[in-house]
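**Student:** Whatever this is, show me its structure:
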Amino acid sequence: MGTIIRWLLAIFLTYLAITTLQTGLELIGASKEGDAITVQFLSFEINNQVDPENIMSYAIAFFAGTLVTAILALSFIREAFSRLKEKS
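**Tutor:** Numbering: from 1, shown residues only. Predicted coordinates for the structure are as follows:
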């Protein structure tokens, strides 16, 4: 895989990790009282009737997704930097 493709994948995965983290934080900040809420990610509706007692489960799932995508992005960045060192 070329260095440019690694950088593009790293940028995309970093963006994905940031938006996943943002969605998880929004869910934690969501109202715990009242009616069910709708969970959306990147303008896609994931679930339109999440009960208030299940909001934390969704938030934890988004944080796990953040961790996985951040690790992948960091591995691509590390590999791209190591390729640059080899060339110079």
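**Student:** can we go C-alpha only for contacts and neighbour counts from here?
**Tutor:** Fine.
**Student:** Quickly find the element holding the nearest residue to residue 55 once chain neighbours are set aside.
**Tutor:** Leaving aside its chain neighbours, residue 55 sits nearest to residue 27 (6.4 Å; criterion: C-alpha to C-alpha, 6 or more residues apart in numbering). Secondary structure assigned from DSSP states H and E places residue 27 in helix 3-29.
**Student:** Helix or strand for residue 81, just tell me which one.
**Tutor:** Going by DSSP H and E, residue 81 is part of helix 55-87.
**Student:** circling back to that earlier point, what number of neighbouring residues does the residue nearest to residue 55 come out with?
**Tutor:** Residue 27 has 23 neighbouring residues, counting by other C-alpha atoms under 10 Å.
**Student:** confidence score at it?
**Tutor:** pLDDT recorded at residue 27 is 87.
**Student:** Against residue 43, how distant is it?
**Tutor:** Here residue 27 is placed at a distance of 15 Å from residue 43 (C-alpha to C-alpha, to the nearest Å).
**Student:** likewise residue 74?
**Tutor:** With the distance defined as C-alpha to C-alpha, residue 74 ends up 26 Å from residue 43.
**Student:** Those two: which is more packed in?
**Tutor:** residue 74 (15 against 7).
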